[in-house]
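Novice: 3D model of this:
(2 chains)
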Amino acid sequence: AQSVTQLGSHVSVSEGALVLLRCNYSSSVPPYLFWYVQYPNQGLQLLLKYTSAATLVKGINGFEAEFKKSETSFHLTKPSAHMSDAAEYFCAVSDLTGRRALTFGSGTRLQVQP
Amino acid sequence: GAGVSQSPSNKVTEKGKDVELRCDPISGHTALYWYRQSLGQGLEFLIYFQGNSAPDKSGLPSDRFSAERTGGSVSTLTIQRTQQEDSAVYLCASSLDWTGGADTQYFGPGTRLTVL
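Specialist: As a prediction, this is how the structure comes out:
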């Protein structure tokens, strides 16, 4: 079964600092990978996704992620944090065949300090 | 355009009662998913509908949970004889399902269920 692991349930950065949220996946073949963001009392919003077209994926709000097969990683980064980035971030995996449902990591709550 | 909508936004019920949660997907989306988000279990898949195919119910935690999708659009998730451990946010998502697992799933705001 596929799975994703998000290291760090809470990450705190200063405004303007680099954001790095870690995600590692477990799959026998490169899967499809997603990052979603959830603001308080809202549903999930897609930030970006990897579907094998390019290893460096750019998303909304200045976020990007790089797929590294050798490290089985898909870490999310943003060069400069804004206060509005404070939210919970979820990494998710979908397999190439069969069930289309997403398997989510446990989430990382990002705090941005002024 | 309109996104995925869910109703009610909040539901408080007593243990043992049945509840129905509704999801209206984005128009034209053939795939519909239900997920559950709880403090102890994180985000879990419950059930998946695709067109007229038989639903994938592999994520339903017990036979107290059921779901249907009428006319390929609106879906209702029913929980019978609710238990306190059913308290969670129930999220619905829909997608075009054109490219298999690569499709973007669009999520609704969720229904927060509290079982007293």
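Novice: Please make it C-alpha for all contacts and neighbour counts, starting now.
Specialist: Will do.
Novice: Grab the nearest non-local neighbour of the residue of chain A found nearest chain B.
Specialist: As assessed by CA to the nearest CA, chain B sits closest to A:Gly43 within chain A, at 4.1 Å. Nearest residue to A:Gly43, sequence neighbours excluded (CA to CA, 6 or more residues apart in numbering or on different chains): B:Pro109, at 4.1 Å.
Novice: re earlier: go ahead and confirm the residue of chain A closest to chain B touches B:Gly108.
Specialist: Yes: between A:Gly43 and B:Gly108 there is a contact under CA atoms under 8 Å: 5.4 Å.
Novice: The residue nearest to the spatial centre of chain B bridge partners, please.
Specialist: By CA atoms, centre = their mean, chain B has its centre lying nearest to B:Trp34, at 2.9 Å. Taking DSSP bridges as the rule, B:Trp34 bridges to B:Ile47, B:Cys92.
Novice: from what I can see it touches B:Pro55, true?
Specialist: No: using CA under 8 Å, B:Trp34 makes no contact with B:Pro55, being 11.2 Å away.
Novice: got any residues that touch both of the two?
Specialist: Both B:Trp34 and B:Pro55 are contacted by B:47-48, under the criterion CA atoms under 8 Å, 6 or more residues apart in numbering or on different chains.
Novice: Which parts of chain A are strands?
Specialist: Assigned by DSSP state E, the strands in chain A fall at A:3-5, A:10-14, A:19-21, A:24-26, A:32-38, A:44-50, A:56-58, A:64-68, A:73-78, A:87-94, A:103-104, A:108-113.
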